[in-house]
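Participant: Need a 3D model of the sequence below.
(one chain, ligands or ions: 1)
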Amino acid sequence: MKEQILKNTNAKLLDEFNASVMFDKELYDQDIRGSIAHSTMLRDQGIITSKDHEEIELGLLQVKAEIESGEFIFKIEHEDIHMAVESRLTEIIGEAGKRLHTARSRNDQVASDFRLYVKEKNISIMEQVKILVNTFVDLASKHTETLIPGMTHLQHAQPINFGYHMLAYANMFKRDYERFESSYKRNDVSALGSAALAGTPHNIDRFKTSDLLGFSKPTSCALDTVSDRDFALEILFNISTAMMHISRISEELILWSSYEFQFLRMSDEYATTSSIMPQKKNPDVPELLRGKTGRVYGNLISLFTVMKGLPLAYNKDTQEDKEGVFDSVKTIEISLSILSEVIKTMIVNVDNMENACKVGHLSATDLADYLVTKENMPFRTAYYITKDVVKKANELNKDMSELNLEEIRSSNDEIKNISEEIVMYLDLRASMNARTSFGGTSTKQTKVQIDEFKKWLI
Ligand code: ARG
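Facilitator: Presented below is the predicted three-dimensional model:
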């Protein structure tokens with residue numbers, strides 16, 4: 001008796017351990033579409049009768065309706081979504097249901113379902129990324145003249161405009177878009193018909209199922225197809241890179257909304273209060289965006305690790321490929337839409353940004369550049385003279401951009417006769433606008449870049 005109970009408990013545990021249905025039910029729609037395509041092809045090839053196909057198709061649509069209405073009962077014993085759908089189908093239509101799995105294996109079935117899922121997610125994520133790029137470009141076009149300290153090492157470096165800073169992010173997310181697009185194109189191939197690992201003796205038409213499912217063509221090697229999860233790794237990597245960018249802008253939003261910066265204020269909707277300190281407004285949303293990047297990296301590394309030692313072809317280890325992808329997809333979807341809203345609704349404090357430029361001698365490089373261009377000095381000499389001017393400004397407790405001609409001239413003997421136009425060159429806005437090189441920060445160049453983005457966004 002005791003032994004029997006133990007055996008039953010073990011069997012139940014084993015079923016639970018083995019099953020994936022509780023998470024791969026996410027693929028029900030892809031599974032049913034894949035099965036309908038497969039059945040249509042079997043009929044067209046004369047492998048099953050039209051009557052069988054009709055019953056299969058109607059039955060599958062009923063299963064789909066049952067799942068969508070919440071009526072369908074998922075059971076661990078079904079192991080995975082593929083078995084769950086097939087066994088319910090057979091319950092509903094009887095014998096014909098048993099013919100569906102002709103010339104197919106769960107190995108190509110799961111590869112096919114998962115590829116469809118990833119393919120469709122590539123597209124929907126691309127759309128969301130584009131919306132985010134648009135949000136950054138919109139904000140950029142409002143701030144091509146707003147000065148903000150450009151930093152390196154988180155230290156004031158050179159004045160740039162805030163629009164230009166936003167464009168840097170637009171560029172990152174545009175590359176992300178292109179990465180999803182390139183993965184989409186590479187992985188737009190149908191796995192169905194690869195069967196267990198080596199193809200099938202049945203006279204199937206893989207081009208037909210590929211067309212029916214909207215893929216560009218079938219994969220070329222069955223053995224590779226049932227073993228391969230590169231497409232899943234690619235989306236995990238692309239999501240990780242996009243989340244890294246989301247995390248970097250989030251970090252800046254957190255810094256910029258701090259008391260020390262006060263460059264912007266996050267809309268009340270996206271900031272929360274403290275449970276103990278009534279005066280506080282916490283940037284929980286960007287903090288979470290930054291934090292969630294960790295789990296997404298984890299999902300990528302997990303799947304890399306799962307895949308690294310697998311002999312060809314299918315191994316059950318591969319069942320571990322899905323949860324991480326589902327999780328990363330959900331994470332990026334919510335993160336992209338939330339970030340877009342945060343950016344749209346935040347209040348930019350132009351005065352504080354511009355005032356911050358008045359500390360740290362942001363136009364120092366402009367003096368050095370002036371001496372090189374107008375006085376034909378070697379850059380290193382100009383660098384040391386500029387250092388003296390910085391020293392002078394510090395002594396006078398002024399920013400370099402605020403020095404008058406006399407103060408500049410008296411900083412170093414070599415510039416005691418420097419032209420009065422230098423004062424204008426040290427002006428912060430002039431400094432920003434002087435950077436007219438291709439890809440530079442001048443308002444003019446920034447507008448050129450915005451125009452390029454607008455063309456891309458159409
Ligand atoms: N649930 C399995 C997975 O997700 C489906 C493939 C199972 N194939 C097999 N031969 N056990 O990987």
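
Participant: Show me which residues of the helix or strand hosting Glu54 are buried.
Facilitator: Using DSSP states H and E, Glu54 sits within helix 50-69. For helix 50-69, a neighbour-count test (16 or more other Cβ atoms under 10 Å) marks 52-53, 55-57, 59-60, 63-64, 67 as buried. The way it works is simple: take the backbone N, C-alpha and C, and place the C-beta from them, glycine included.

Participant: same deal with stretch 143-159?
Facilitator: The neighbour-count check on stretch 143-159 (16+ other Cβ under 10 Å) flags 143-144, 146-150, 156-159 as buried.

Participant: Among those residues, name the ones in strands.
Facilitator: 147-150, 156-159 (DSSP state E).

Participant: And the furthest pair within those?
Facilitator: Farthest-apart pair in those is Leu147 and Ala157; separation 13.0 Å (Cβ to Cβ).

Participant: Can you name the residues of the stretch 201-350 of the chain sitting close to the ligand?
Facilitator: 314, 316, 318-319 (Cβ under 6 Å from any ligand atom).

Participant: Give me the distance between Ser220 and Asp321.
Facilitator: 21 Å (Cβ to Cβ, to the nearest Å).

Participant: who has more neighbours, those two?
Facilitator: Taking other Cβ atoms under 10 Å, Ser220 and Asp321 do not tie; Asp321 has more neighbours (23 against 10).

Participant: Assumed that one was part of a strand.
Facilitator: No. Asp321 is assigned helix when assessed by DSSP: H, G, I helix; E, B strand; the rest coil, not a strand.

Participant: I'd like the buried residues of stretch 143-159 as TSV, with distance to the ligand and pLDDT appended.
Facilitator: Below are the buried residues of stretch 143-159 laid out as TSV (distance: Cβ to the nearest ligand atom, whole Å; pLDDT from 0 to 100):
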residue	distance to the ligand	pLDDT
His143	49	98
Thr144	51	98
Thr146	52	98
Leu147	55	98
Ile148	49	98
Pro149	52	97
Gly150	49	97
His156	53	95
Ala157	51	94
Gln158	53	94
Pro159	55	97
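
Participant: tell me the contacts of Ile48?
Facilitator: 39, 42, 56, 96, 99, 102 (Cβ atoms under 8 Å, 6 or more residues apart in numbering).

Participant: Check the gap between the fourth one and the ligand for me.
Facilitator: Read that as Ala96. According to Cβ to the nearest ligand atom, to the nearest Å, Ala96 stands 23 Å off from the ligand.

Participant: Now Lys142. Nearest residue, chain neighbours left out?
Facilitator: Gly163 (7.1 Å; Cβ to Cβ, 6 or more residues apart in numbering).

Participant: for stretch 367-375, which positions count as buried?
Facilitator: 367-372.

Participant: among these, which are in helices?
Facilitator: Cross-referencing the buried residues of stretch 367-375 against helices under DSSP state H gives 367-372.

Participant: Which member of these is positioned nearest the ligand?
Facilitator: If you rank these by distance to the ligand using Cβ to the nearest ligand atom, Asp369 comes first, at 60.8 Å.

Participant: Report how many residues lie close to Asn376.
Facilitator: 8.

Participant: before we move on, what SS does it have?
Facilitator: coil.

Participant: any idea how far Val189 is from it?
Facilitator: Taken as Cβ to Cβ, the span from Asn376 to Val189 is 61 Å.

Participant: try Ala19
Facilitator: 29 Å.

Participant: One more: Met126?
Facilitator: 18 Å.

Participant: Same question for Ile415.
Facilitator: Ile415 is 66 Å from Val189, by Cβ to Cβ.

Participant: quick one: which of the two has more around it?
Facilitator: Ile415 (22 against 17).

Participant: Same question for the host helix or strand of Ala242: list its buried residues.
Facilitator: For Ala242, the host element (DSSP H and E) is helix 230-256. Within helix 230-256, the residues that qualify as buried are 231-243, 245-247, 249-250, 252-254, 256, counting by 16+ other Cβ under 10 Å.

Participant: So which helix or strand of this protein has the lowest pLDDT on average?
Facilitator: Least confident helix or strand of the chain, by mean pLDDT, DSSP states H and E, is helix 2-18 with a mean of 83.

Participant: what's that one in contact with?
Facilitator: Counting by Cβ under 8 Å, 6+ apart, 76-77, 79, 316 sit against helix 2-18.

Participant: So among those residues, which ones count as buried?
Facilitator: Glu79.

Participant: Check the contacts of helix 2-18 and tell me the two furthest apart.
Facilitator: Across these, the longest distance by Cβ to Cβ is 17.0 Å; it joins Glu77 and Lys316.

Participant: Return the residues in contact with the residue in the stretch 201-350 of the chain positioned nearest to the ligand.
Facilitator: Nearest residue of the stretch 201-350 of the chain to the ligand (Cβ to the nearest ligand atom) works out as Gln319 at 3.7 Å. The contact partners of Gln319, by Cβ under 8 Å, 6+ apart, come to 20, 24, 80.
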